[in-house]
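>>> Mind folding the following:
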Amino acid sequence: MSVRKKFRKLIADPGMVLAPGAYDALSARIIEAQGFDAMVAGGYAAMGALLAAPDTGQSNMRDYADHYGRICGAVNIPVYVDADTGFGGVNNVRQMVKAFEAAGVAGLFISDQVFPNRCGYMAGKQVIPVEDMLAKMKAALDARTDPDLVIVARSDALGVEGIDAAIERCQMYMELGCDMAKPMGADTIEQFKRVLREVPCPQLANLSHANASWKMSLDDLEKAGAALVTFPSATLFAAVGAVTRTMQALKHDRSFDAVRDELSPLNDYYELVGLDRQTAIEEGYLDAARTVVEKVRRKRG
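From the prediction side, this is the model:
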């Protein structure tokens, strides 16, 4: 089963899937190694990892496609990604879908913010006219070549025009034919339940560390019927904390003793990155080469 079929099945099946966020290929491999069935890769974590910058829309489609391609190439589980605003008009959206599909993503979401967009939890957001967003989403749906690629419309209208406007937009996106539509910022359990009632699709909850105070628990979300819960910046914040503590120990103590338990054992790291498997592949090709050399030399007498 392809990763895209797996992702569709995970969303459609009963139960709630937890999808941590990866900021690079190594963090993606760690998520997979811990037994998660899916992951997310978003712009907030990408900008932090690639540029050491906040998520205010300063990257471009090709950078994201390369970044997501490395993440998808490191794992065998579905990767659901952030496509910002589609990186321009309808023709840009079409290019983006083709590039992200080639990168191996299982699903993507597009926001109805103006360009350049910013993290949904930052102030200063604006949304485009709903007709413009519908045109972008139709372009995205038409551009995909794999019908199993999950295409989601995200509305950021809640923080600008209120929840009624966000729900109405999501209803329009579903009427168009999107696989799912999500109002960004429906962060209380009451709001989330209302969205579940009024937007006809599985719903994804977002528990981001960019949101200063979570208002929903996993138990409440599971009882409400959430299909997927994403934690898009969890590994990024974990990495910042761990690297900061390690560098502080080196700088002030001239030793790693105080943080030794936080450092991965060498053998665990090599297992994670697949050193033995890679070495075995190299030896296999060398053995094949030696066989050819011996065969030719025997023939030559």
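
>>> following whichever strand or helix holds K98, which helix or strand comes up?
In this assignment (DSSP states H and E), K98 forms part of helix 90-103. Next in sequence after helix 90-103, counting helices and strands by DSSP H and E, comes strand 107-111.

>>> What is whatever helix or strand comes next after that following strand packed up against?
Using DSSP H and E, the next helix or strand after strand 107-111 towards the C-terminus is helix 130-143. For helix 130-143, the packing partners by 3 or more Cβ pairs under 8 Å, 6 or more residues apart in numbering; DSSP states H and E come out as helix 90-103, strand 107-111, strand 150-155, helix 163-176. Quick note: C-beta positions are derived from backbone N, CA and C, even for glycine.

>>> Can you list the buried residues in helix 130-143?
130, 133-137, 139-141, 143 (16 or more other Cβ atoms under 10 Å).

>>> now swap in stretch 175-190 and tell me
178-187, 189.

>>> Can you measure across it, start residue to end residue?
End-to-end span of stretch 175-190 (Cα to Cα, to the nearest Å): 24 Å.

>>> for it, the distance to its chain's centre please.
17 Å (Cα atoms, centre = their mean, to the nearest Å).

>>> Quick one: mean pLDDT for it?
In this model, stretch 175-190 carries a mean pLDDT of 94.

>>> Quick check: which ranges of the stretch 1-150 of the chain have low pLDDT?
Scanning the stretch 1-150 of the chain for pLDDT under 70 picks out 118-124.

>>> Name the nearest of the buried residues of helix 130-143 relative to A153.
Set against A153, the nearest of those by Cβ to Cβ is M137 (5.2 Å).

>>> Just to check, the closest one is in contact with D179?
No. Taking contacts as Cβ atoms under 8 Å, M137 lies outside contact range of D179: 10.2 Å.

>>> Using CSV, write down the CA coordinates of stretch 143-159.
Extracted in CSV, the C-alpha atoms of stretch 143-159 (Å, rounded to 0.1, in the frame of the first residue of the first chain):
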residue,chain,number,x,y,z
ALA,A,143,-3.0,19.4,-10.9
ARG,A,144,-2.6,16.2,-8.8
THR,A,145,-1.8,13.1,-10.8
ASP,A,146,-2.2,10.6,-7.9
PRO,A,147,-5.8,10.7,-6.8
ASP,A,148,-4.7,9.4,-3.4
LEU,A,149,-2.8,12.6,-2.6
VAL,A,150,-4.8,14.3,0.2
ILE,A,151,-5.5,18.0,-0.5
VAL,A,152,-6.7,20.1,2.4
ALA,A,153,-7.9,23.7,2.5
ARG,A,154,-7.1,25.6,5.6
SER,A,155,-9.0,28.8,6.5
ASP,A,156,-7.3,31.4,8.7
ALA,A,157,-10.5,33.5,8.7
LEU,A,158,-11.3,32.7,12.3
GLY,A,159,-8.6,35.0,13.7
